[in-house]
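**Q** let's see this in three dimensions:
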Amino acid sequence: MPLLRPLFAYAALTVLALFAASPLSAIEVSEVTVDFPLSEVLTIQETEGEVSPEMGRIVGSRARAWRPAWEEDWFAYRQGVLRGNFESAGKNLEKVIEYKEERGIPNLYLPSAALLVEASTARKQGRYGHALKLSSYARELAPDTPAPYFQKARIIWSQNQLRALSALDSLLEGIGVFFKDFRSFFPWGLNLLLWILVALTIASFLAIFLFTLRVAPRIAHDLSHIVKVPQWLWYVAFFILLGAVLVAGLPFTLWTVLIALLMLFHLTGRERVTVGVALVFMASIPLTIHILALGNDYYSGSAPLVIYEAERGGEGSPTLESLHRFRVENPQDSQVLAAMAIVLKRSGSLREAESLLHQALEISPDSPDYINNLGNIFMSTGRIEQAVEHYRQALRYRDDPRLHYNLSQALRENLQLEEGEKEFLMAQDMEPGLASDLLQSQKEGGRRITFDMYGGTRGVFMDALSLTPEGYDLRGRLWAGIVPFIPFSGSWLLFLGASAIIFSGHLAGGKIGVSRRCRRCNHTHCPKCSKSSTDMLCAQCRQIFLVRSGVDPAGRVKKMMQILRFNKKRALVSRVATVLLPGMGHIYLGAGWQALVLITISTLFWTKWIFWYGFFRITTILEIQASLFSRVSFGILLGLFYLYSLKKVGDRLEDV
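**A** Below is the predicted model of the structure:
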């Protein structure tokens, strides 16, 4: 027994870690596994018309959306692959990568995802060398997404299990990128929170309902003394009355709080703690509603997500259309203007990009990001003196290695070599990897590359946690459907206040003298029908086990047979209840907080099945599916948890 407890603690930590990390063990993602013809990743439409770069809208009756220059090289690559001319195809693919580096585009998501499809196919066919090469190209095209790293780990593992350390190294790299990538981390966090909150909600409801079944006979016993009718009639009337109140229109959540409060005086100390904590757990209901509203904002194309994708890889009119929608809604949003400027700069529309950055700076004149990006445009158009001035101005607001690097490039271009070298060394000292990576991107004799700046992942994440007006409206409607009489802002007080009332019930419970259950024979007794009401034993059991005198032998035998039958029934019911759901058996035995812990863990297990098999919408843009390893591990841990729960029930039966 002493050894089993730490083992179960480790197992519990393992299962929570497994549930949290299960998305990370799934290599295939929707962008990768969707089986689409690669030649149709982007459709070239031969049409006429122009695109308004600033507005991102198609002008003219017959028009096509603007498409980036890398698309031509991409289709040349695809044609080369289809014809078996792999050398030529490789050169075209390298041109796509060069285009990305020259335009300062952090990620080209679409061709990267398409290459991962090819890599996955090559892995399944046993062409591991080709698969690794494709995954490397995919990583170069989209280094800020975790999928290429995960795919590489899977390829290495499939090729040779002896290279486990190399696979693990790539997997850990992918995990690091996963938590840095807003598109991966934010929906994964929503999914994890939603799973935990749903489990807590179910656990709190179950605990309160099960304790109601346990306490209801005692309430019926006391009511039978007030109105002289048989106890069983009150027992039935109690549930009929609760059902009638629910049917009459009382919201289910308030109904649950009501039946918890009806047990106010009849709970023992352990039961009181359990029901009080369960009421606190019910605060997960408004939290769940808030998470659902955040998820709705996210999936409906929230501003933080659109800006994030535009800054880190957005190109073309679809991206500009999305940004323009937010610009119309809020013309004073400088982040939208700056993101549009970045996208336009990549397409070569420098004049329009400069105009938008000037507008953004009018709204936020102290932003070093906007000042730097405007300096980059000056650098691209040959206005070096203005670029140097803007980089120096940005450095007054923030000492950033990227700013020092950009300034070094402008100074060198302006033939201020000594000062440029000093700024470069300063950038290298502050962040050694950054300067060397950017320097490698520049071709010998080519133009100098400067670094655009935009909001970090943390800032985007914090923005995404703020509900839009539509999100507030959805949250209000969802909450009104659950508790229509209390505003959402007061939802926390509802459950915390009910819990406080439950805990205060012990002050009056002893004075009122409510009924109890005998822990030996389960007989209900109270001060009006038993002189031993202050004990946990009924009058007969107290006389037999405590006083031990003046007991009729025939009555003793009869009572002992009654206790034996009850013990057999208790053992059977508690074990069957534990098999149905671990924790239910502990409630039957009166083990308060242990019951709530086991029920909570049980609901965590079973709600994970619900999420895995699609009863809930997958709240991740990548739609990561659990791997077979995760499901098998889950089944093993679930079996161990059931065995542990049965063992704990057995221990409890021995203690009783």
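
**Q** please count neighbours and contacts with C-alpha atoms only from this point.
**A** Noted.

**Q** how many neighbours does residue 405 have?
**A** A count of nearby residues for residue 405, using other C-alpha atoms under 10 Å, gives 28.

**Q** that one contacts residue 424, doesn't it?
**A** Yes: using C-alpha atoms under 8 Å, residue 405 is in contact with residue 424, at 5.4 Å.

**Q** what helix or strand is residue 494 on?
**A** helix 491-512 (DSSP states H and E).

**Q** against which helices or strands is that helix packed?
**A** The elements that helix 491-512 packs onto, with contact taken as 3 or more C-alpha pairs under 8 Å, 6 or more residues apart in numbering; DSSP states H and E, are helix 252-262, helix 269-281.

**Q** let's see it at 6 Å
**A** On a contact count with 3 or more C-alpha pairs under 6 Å, 6 or more residues apart in numbering; DSSP states H and E, helix 491-512 meets helix 269-281.

**Q** three-state assignment of the most centrally placed residue in the chain?
**A** Central residue of the chain (C-alpha atoms, centre = their mean): residue 189, 2.3 Å from the mean position. Of the three states, residue 189 takes helix under DSSP: H, G, I helix; E, B strand; the rest coil.

**Q** and if you look at residue 649?
**A** helix.

**Q** pLDDT score for it?
**A** pLDDT, residue 649: 85.

**Q** again with residue 138
**A** Predicted confidence (pLDDT) for residue 138: 91.

**Q** what packs against the strand or helix carrying it?
**A** In this structure, residue 138 is located in helix 128-141 according to DSSP H and E. Judged by 3+ C-alpha pairs under 6 Å, 6+ apart, helix 128-141 is in contact with helix 109-124.

**Q** tell me the mean pLDDT for the helix it packs on?
**A** For helix 109-124, mean pLDDT is 86.

**Q** pull out the buried residues from that helix.
**A** The neighbour-count check on helix 109-124 (16 or more other C-alpha atoms under 10 Å) flags 109-120, 122-123 as buried.

**Q** what's the angle from it to helix 128-141?
**A** Relative orientation of helix 109-124 and helix 128-141, computed by axes from the mean of the first three to the mean of the last three C-alpha atoms, to 10 degrees: 170 degrees.

**Q** remind me what helix 109-124 packs against, helices and strands.
**A** helix 30-33, helix 128-141.

**Q** just the buried residues of the helix or strand encompassing residue 72, please?
**A** Counting by DSSP H and E, the element that carries residue 72 is helix 70-83. Using 16+ other C-alpha under 10 Å as the test for burial, helix 70-83 gives 70-71, 73-80.

**Q** tell me the strands beside the helix or strand following the helix holding residue 494, with direction?
**A** Note on helix 491-512: by DSSP H and E, the next helix or strand toward the C-terminus is strand 516-517. Using DSSP bridges, the strands paired with strand 516-517 in its sheet are strand 524-525 (antiparallel).

**Q** mind checking how far the strand it pairs with is from the chain centre?
**A** With C-alpha atoms, centre = their mean, to the nearest Å as the basis, strand 524-525 stands 48 Å off its chain's centre.

**Q** for the remainder of this discussion, apply numbering that starts at 56.
**A** Noted, 56 is the first residue going forward, which turns the last one into strand 579-580.

**Q** rounded mean pLDDT for that strand, please.
**A** Averaged across strand 579-580, pLDDT comes to 74.

**Q** could you do stretch 332-341 as well?
**A** When pLDDT is averaged along stretch 332-341, the result is 93.

**Q** what's the end-to-end length of it?
**A** Distance between the two ends of stretch 332-341: 16 Å, counting by C-alpha to C-alpha, to the nearest Å.

**Q** same question for stretch 503-523.
**A** End-to-end distance of stretch 503-523 (C-alpha to C-alpha): 41 Å.

**Q** ok, and what's touching that stretch?
**A** Residues from elsewhere that reach stretch 503-523, judged by C-alpha atoms under 6 Å, 6 or more residues apart in numbering: 359, 424, 428, 461.

**Q** on that earlier part again, what is the distance between the helix holding residue 193 and the centre of its chain?
**A** The chain centroid and the centroid of helix 183-196 are separated by 29 Å under C-alpha atoms, centre = their mean.

**Q** got the domain ranges for this structure?
**A** Here the domain parsing of the chain from automatic domain parsing is 84-241, 456-507, 570-623.

**Q** for those, give me a markdown table that also has distance to residue 256.
**A** Below are these laid out as a markdown table (distance: least, C-alpha to C-alpha, whole Å):
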| stretch | distance to residue 256 |
| --- | --- |
| domain 84-241 | 22 |
| domain 456-507 | 45 |
| domain 570-623 | 29 |
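
**Q** out of the ones you listed, which is closest to residue 373?
**A** Between residue 373 and the domains of the chain, the tightest spacing by C-alpha to C-alpha is seen for domain 84-241, at 7.4 Å.

**Q** output the helix or strand that contains residue 528 as PDB, nothing but the C-alphas.
**A** If you go by DSSP H and E, residue 528 is part of helix 524-537. C-alpha atoms of helix 524-537 as PDB (Å, rounded to 0.1, in the frame of the first residue of the first chain):
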ATOM      1  CA  PRO A 524     -17.900  42.600 -29.500                       C
ATOM      2  CA  GLU A 525     -19.300  39.500 -31.300                       C
ATOM      3  CA  GLY A 526     -17.500  37.300 -28.700                       C
ATOM      4  CA  TYR A 527     -19.100  39.200 -25.800                       C
ATOM      5  CA  ASP A 528     -22.500  38.900 -27.500                       C
ATOM      6  CA  LEU A 529     -22.000  35.100 -27.900                       C
ATOM      7  CA  ARG A 530     -20.800  34.700 -24.300                       C
ATOM      8  CA  GLY A 531     -23.800  36.600 -23.000                       C
ATOM      9  CA  ARG A 532     -26.300  34.500 -25.100                       C
ATOM     10  CA  LEU A 533     -24.700  31.200 -24.000                       C
ATOM     11  CA  TRP A 534     -24.700  32.300 -20.300                       C
ATOM     12  CA  ALA A 535     -28.300  33.600 -20.500                       C
ATOM     13  CA  GLY A 536     -29.400  30.100 -21.700                       C
ATOM     14  CA  ILE A 537     -27.800  28.500 -18.600                       C
END
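
**Q** so which elements touch that helix?
**A** Packing partners of helix 524-537 (3+ C-alpha pairs under 6 Å, 6+ apart): helix 339-354.
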